[in-house]
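*Asks:* quick one, structure for this:
(2 chains)
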Amino acid sequence: MESPTVALPVIVRGIDENGQRIASQTFEELVQRAAGDTDSLVLETFGQHNVGGRLWKGGRPITVRVRGPVGQRLGCMGRPGTTIISEGPASDDVGYLNIGADIIILGDATNGVCNAMAQGRVMVRGSIGSRGLTMTKWNPAFERPELWVLGSTGDTFAEFNCGGIGVVCGVDPKNPENVLGYRPCVGMVGGWIFYRGKTDGSYSRSDVRETDLDDEKWQWLKERLPEFLQRIGRDDLIVQLTNREEWRLLISLTPQEKALSNTGSMPMAEFRKKIWEPALGGDPLRDLAPGLDRSPIGLIVTGDLRRKRPYWANRENAAPCTFYCPMHIPTVDRLRLIREGKMDEAYRLTLEYTPLPGSVCGAICPNLCMDQCSRQLVDRSIDVALLGRAVRDFPPPETKPPIGKRVAIVGGGPAGMTAAWHLAKAGIEAHIFEREDHLGGKLAQVIPWDRLPRATWEAEISRFLAMPNIHVHFGVSITRESFQQLKDEYEYVIVAVGAHETRRIPFPGSERVIPALDFLKSVKSPSPMPVGKRVVVIGAGNVGCDVACEAYRHGAESVILLDIQKPLAFGKEKAAAEAMGAVFRWPVTTREVTEDGVVLADGEIIPADTVFISIGDIPALDFLPETVETVRGWIRTDEVGRTTDAKIFAVGDVERPGLATNAMGAGMQSAEFIASTLKGIPWKPFAKKVIDRKTLTMEHYCPLPSKGTTPEAEAERCLSCGSCRDCHLCETICPTGAISRRELEIGGYEYVSDDEKCIACGFCADTCPCGIWTMRPLA
Amino acid sequence: MVPIQSVPSSPSSLTPGDLPWIIQHREDRCTLCGRCTAVCPVQAIHLAYRRQRIPNLGIGSGNLGNSYRTFTGIRQRTEPANRCIGCGMCAMVCPNEAICPVPNPGDARVRFHMNQGGDAWKRGGRRNDTSSLLDRIIFTRISMLTDPALDAGRHEFMLNTVLGRILPPEEFLKRHASGEWIPPTREIFPFIIGSMSFGALSPNMWLGLLQGVAYLNEVLKIPVVMATGEGGCPPWILKSPFLKYIILQIASGYFGWDEIIRAIPDMQCDPAAIEIKYGQGAKPGDGGLLMWFKVSKLIARLRGVPEGVDLPSPPVHQTLYSIEESVMKMIQTMSMAWGFRVPVYPKISGSTSAKAVLNNLVRNPYAGGLLIDGVDGGTGAAYNVSMDAMGHPIASNIRECYLDLCAQGKQNEIPLFAAGGIGKNGNVAQNGMALVMLGASGVHIGKYIMQAAAGCLGNERNRCNVCNIGLCPKGITSQNPKLYRRLDPDQVAQRVVDIFLSIRTEMKKIMAPLGRSQSLPIGMSDAIGIDNKDAADRLNIRYIC
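*Replies:* Numbers count the residues shown, from 1 in each chain, chains lettered A, B, ... in the order given. Purely as a prediction, here's the structure:
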């Protein structure tokens, strides 16, 4: 049997026979050639670079001993099975791109040891320069690369180490104060470093953490140390280096660990508690704003943190019907009572305000209350005349017991009657002194019966006369003397004689002209005035229209109404006159009236058999004392109807021309003021503001094709402006269930919003059909 | 039927399509939770009920007539005072993504009606101009195997700058040897939180910023400083160790200075610097006004004024008539207040007259620098026209001042600071470093901080921008605790920390390729270029294309 061949090492020299250094390229060729024949090379290098790598021997191990000056990148691209032993120190980048060779340096190595090494081991008997173990890799399919250093490392050790293991034993270090150099482990993402000895602690704390060795790591180190020491020829140190207490570990942080420590080592809350607040001695605003709560809150808040708060303003604002009625009859309340089935209460309420609901509201009044009715925004206004007529036969309201005071009222027209009505209700004796033999003033004397149904009128006059505390004295013409007597005998005198003198214009032939008032009075009397076939009415207001209609009824064939401006006539009166054929002419000025007719300023003659004038009436005030001032024929009054004589009030057309409802409003206001004064209680005028229509939500109502024909139907149509209709919509829409309905002990109910549930979204205000819920600022 | 209803119209009657922001509401997603209307800062939206007529028109059906359907939706108001400002808080609180404001792509005619009651329109926030010259300056000098290759992540960088007068070396040594006064300097981070007053900002915002600054200094050792703006400083802050991170501002309103002077004997440290405000980039030549509703009890106490009054800072200092007098009076007074230990510098609006101011400062031994605030600066409140159309862009202004210093050989002696539009589109580090390379020693940032640290909703497209009316929906510029308590100071502080760490990283990313790590590249204009020949010529930098 042949004994195995003992292969002698093949020696490759780095100097040629002429003593010249062989170029690295040539030397590499020599080495490659030599390696093909042997498992053991001895390289006598002379500074050649990239030695010892690229020995692709089909897996057969090879040992390379390197003697002499070693060039850079010893063991570059070294392969598993290759063992490279440098018998002395080595230059830069030992083990560069090594993928498996064992490289043993029996001296120091300079910079860049293990740079970009993926597998294999580098063992250094001395120390290494800077940037050792940088960009070192670890492919999980293979063993981790290892760098063993007996001494110490230079600066910037293990930068970007990506899995390699470093062992730095700290034996005879270059700098005993710092075996790992300045700022090791920057950018290190994998692997770990065992070290022994002092450091300056400058390792990158954002990349690695320092720790004691756990049992597994210690086991690993203890098992491998003897081989390292044996291979570098320092077995003598084994005892010295196996003191576990002397070893420390730098291990890369995981990405998760890094994320946790991303913005520094201290959580902000901890900083506030430990540094910020102690340095400030507490809240830095404690002197400027003691007790100021600045703690964080969310975006959706309740209670006092809201900036707005809903407020249930039930009946705090007037509905347009109530506001625009000169008497402020609360129609909205009437309709509510009707909806609640309290018909009697609704009617009683009406009579608390007006003695003539059927005659005025129900017949002759243009119903100012309905001009602004909100229901018009849905379909049509409420038919308030229907409500007025419904009260025709209802008994008078209750009166207060007499208080022993008397007030005289001169004139029994709508103003005087209303004043008397309210005085009587308050328990004050009201004495009406009427020139004629009947009540009602112009309503009775002038308004045609087809516009003011006689049955209604008479029923309401009867109800008026049935009212306790009212005394009517007919056929009394008041003179200056008798007026003074009234003033002396009564607490107050209310002048309500109206305006019964026709205004005239002194053009030639004005004596031919018949005052409208005289004509209208006559046609309601048993002996109506005769009327010619061709009629001209000077003054085309509503009275003029009444004249035109009556003239047609009494024989006229044509009626022409003249005015110097656009006619003021409106509504039912105008429509009636036009329907009967009346013609309006304007602007025209009358120059004179002759027997042929009316001569206009431009000379045109309008033929006329009868000429009426209706340009307004003025009061006859001869009976008034000097103490009562007048302005251009009308009595000067203050906001409660007081004249310049404090005992004398004036209401109705004596103050200023107006509608019956205006006169009644004035009568009511003066009466209430007098009643309050006589009873010594403060007078409260009507002070509610009209509701802002924008606060109503009409979309809850569906338009109907026509107005209702019964009070109940109209009550259903009412929008109930400013007055809760108990519809529960707010309760329903409230997204947080804050709103609830609550019965009151005193009767009735209210809706309330729970501050602790309400988020102030404003839905209640946006939803409320009646404009009750409003959002108010919350400071 | 539908009611016959006359619809009134006034000159200012508007439809939703006339508004700058249009509320898009999806009824099919809305759960009617009420959050959007609860949170809307200007009551621009409300729950609306709508009624739809559905006619039954079937001939011969015997059933002609109308029926009605009522439906709900969130609708916007069209009055100018209640116009949607686009802040998007409604979308933020909506649980169902049912609502959001979208910018009107068409003709937002409301701008013709903003000046009501004879008052020209005022607003807060930004200039509404998205363009940015600074965004176009790029760093063209990259070390490719030439200069030492630096690694932003690995190498250590000296990123700080110097605030205060720097003496020439020989002068310094002479004075040092003879024990003469040496002008005070501070080493600070070159990105400074610009002047925003305690008053313009809410307490939670202002204190949150300072807390973040304190953290950066105390924990991370990054010497960031912030300027107070004109509104004083809470006394307990003045007496705290954090004062050294604060630049105190004095301006024409002199608000809060009684508390500052009162606190001087109790101060543990000196402030970082004193800034004398002569002008502001957002409203050059115009004064400030803290509206009465922002003058809360707290603000009144801090500023030393009555509660609930308007606080005007006049456009000019009432008793200054010349640069010389100004320097004499204000710089000397402020320097003396702290025994000449604190740098004092003026802040002016970007202007063609900036060089004249600078040249005067160069001759003044007490002047510690010059801050120029360019046209893109933000503000709590300004007249529309002042904000949009007054001022001077910062880039050429700072550049000509720096080149002027170079011509005099003084460029290393008196630091220039730049402000106005830095980071307006989010590129804060790039904008700031571009200005540094044009010659600034540092930059002041305000709007970027508001947006990044506190989530300010404003943008350059007129979103929100209602800093002036006390209704800031994020609680940044409101003095109403119900609003500013929405802002958690800890979170603001944390964001401040995040921001400066990011800026620091980006600075390194810019500096490393330039091969620059040991000093800030002030005036290193060979490293930048711009793709506009005129701008390149004006700035004396490289034209690139």
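*Asks:* just to be sure, A:L452 is in a helix?
*Replies:* No - assigned with DSSP: H, G, I helix; E, B strand; the rest coil, A:L452 falls outside any helix and is coil.
*Asks:* ok, now which ones touch it?
*Replies:* Residues counted as contacts of A:L452 (Cβ atoms under 8 Å, 6 or more residues apart in numbering or on different chains) are A:S359, A:A363, A:I364, A:L443. From N, CA and C alone the C-beta is placed, and that goes for glycine too.
*Asks:* which two in those are spaced the farthest apart?
*Replies:* Across those, the longest distance by Cβ to Cβ is 9.3 Å; it joins A:A363 and A:L443.
*Asks:* rewinding a little: most neighbours, which of the contacts of A:L452?
*Replies:* Neighbour counts for the contacts of A:L452, by other Cβ atoms under 10 Å in any protein chain shown, peak at A:S359, which reaches 29 neighbours.
*Asks:* that one reaches A:T456, doesn't it?
*Replies:* Yes - A:S359 is within contact range of A:T456, at 5.5 Å (criterion: Cβ atoms under 8 Å).
*Asks:* tell me which parts of the stretch 251-400 of chain B are close to chain A?
*Replies:* B:K297, B:L298, B:R301, B:L302 (Cβ under 8 Å from any Cβ of the partner chain).
*Asks:* ok, the last one to B:L14 distance?
*Replies:* Look at B:L302 and B:L14: by Cβ to Cβ, to the nearest Å, they are 40 Å apart.
*Asks:* those two: who's more crowded?
*Replies:* Shown here are B:L302 and B:L14; by other Cβ under 10 Å, B:L302 has more neighbours (26 against 19).
*Asks:* so where's the chain uncertain?
*Replies:* Defaulting to chain A. Residues of chain A that meet the criterion pLDDT under 70 lie in A:1-7, A:57, A:261-265.
*Asks:* oops, I was thinking of chain B
*Replies:* B:1, B:147-148.
*Asks:* biggest helix in it by residues?
*Replies:* helix B:489-511 (DSSP state H).
*Asks:* buried ones in it?
*Replies:* Buried residues in helix B:489-511, counting neighbours by 16 or more other Cβ atoms under 10 Å in any protein chain shown, are found at B:489-497, B:499-501, B:503-504, B:506-508, B:510-511.
*Asks:* who does the following helix or strand past it pair up with?
*Replies:* Going down the chain from helix B:489-511, the next helix or strand is strand B:528-530, by DSSP states H and E. Using DSSP bridges, the strands paired with strand B:528-530 are strand B:137-139 (antiparallel), strand B:542-543 (parallel).
*Asks:* give me every residue that touches A:C369.
*Replies:* A:P320, A:C321, A:T322, A:Y324, A:C325, A:I329, A:T331, A:V384 are the contacts of A:C369 under Cβ under 8 Å, 6+ apart.
*Asks:* how about A:I22?
*Replies:* Here A:I22 is in contact with A:R13, A:G14, A:I15, A:D16, A:L30, A:F46, A:Q48 (criterion: Cβ under 8 Å, 6+ apart).
*Asks:* what values do phi and psi take at the residue lying closest to the fifth one once chain neighbours are set aside?
*Replies:* Take A:L30 and drop its neighbours on the chain: the residue closest to it by Cβ to Cβ, 6 or more residues apart in numbering or on different chains is A:V12, 5.0 Å away. Main-chain dihedrals, A:V12, degrees, to the nearest 10: phi -120, psi 130.
*Asks:* picking that back up, the contacts of A:I22 in strands, which ones?
*Replies:* Members of the contacts of A:I22 lying in strands (criterion: DSSP state E): A:R13.
*Asks:* which of the contacts of A:I22 count as buried?
*Replies:* For those, buried by 16+ other Cβ under 10 Å: A:R13, A:G14, A:L30, A:F46, A:Q48.
*Asks:* who is the residue nearest to A:L30 paired with across the strands?
*Replies:* Beta bridges link A:V12 to A:L43, judged by DSSP bridges.
*Asks:* and it, how many neighbours?
*Replies:* 22.
*Asks:* thinking again about what came up before, let's see if you can find the most crowded of the contacts of A:C369.
*Replies:* With neighbours taken as other Cβ under 10 Å, the top of those is A:C321, carrying 30 neighbours.
*Asks:* that older thread, closest one of the contacts of A:L452 to A:P567?
*Replies:* Nearest member of these to A:P567, counting by Cβ to Cβ, is A:I364, at 19.3 Å.
*Asks:* can you tell me how far B:H113 is from chain A?
*Replies:* Distance of B:H113 to chain A, given as Cβ to the nearest Cβ, to the nearest Å: 19 Å.
*Asks:* ok, that residue - contacts?
*Replies:* B:H113 sits next to B:P11, B:S12, B:L14, B:P80 when contact means Cβ under 8 Å, 6+ apart.
*Asks:* swap in 7 Å and give it another go.
*Replies:* With contact set as Cβ atoms under 7 Å, 6 or more residues apart in numbering or on different chains, B:H113 has these partners: B:S12, B:L14, B:P80.
*Asks:* how close does A:K707 sit to A:I15?
*Replies:* Taking Cβ to Cβ, one finds A:K707 at 126 Å from A:I15.
*Asks:* tally up the residues packed near whatever residue of the stretch 551-700 of chain A ends up closest to chain B, please.
*Replies:* Among the residues of the stretch 551-700 of chain A, A:E699 lies closest to chain B, at 3.8 Å counting by Cβ to the nearest Cβ. Using other Cβ under 10 Å, A:E699 is surrounded by 19 other residues.
*Asks:* what's near enough to touch it?
*Replies:* B:Y49, B:R50, B:R51, B:T70.
*Asks:* the first one sits in which helix or strand?
*Replies:* If you go by DSSP H and E, B:Y49 is part of strand B:45-56.
*Asks:* near chain A at all, that strand?
*Replies:* Yes - legend: contact between strand B:45-56 and chain A by Cβ under 7 Å from any Cβ of the partner chain is shown at B:H46, B:L47, B:Y49, B:R50, B:R51.
*Asks:* out of those residues, grab the one that's most surrounded.
*Replies:* Going by other Cβ under 10 Å, B:L47 tops those with 23 neighbours.
*Asks:* assign the residue of the stretch 551-700 of chain A closest to chain B to helix, strand or coil.
*Replies:* A:E699 - assigned by three-state DSSP - is helix.
*Asks:* follow-up on the earlier one: tell me which of the strands paired with strand B:528-530 sits nearest to B:I469.
*Replies:* B:I469 lies closest, by Cβ to Cβ, to one member of those: strand B:137-139, at 35.7 Å.
*Asks:* contact residues of the stretch 351-500 of chain A facing chain B?
*Replies:* So the stretch 351-500 of chain A meets chain B at A:Q376, A:L377, A:V378, A:D379 (Cβ under 7 Å from any Cβ).
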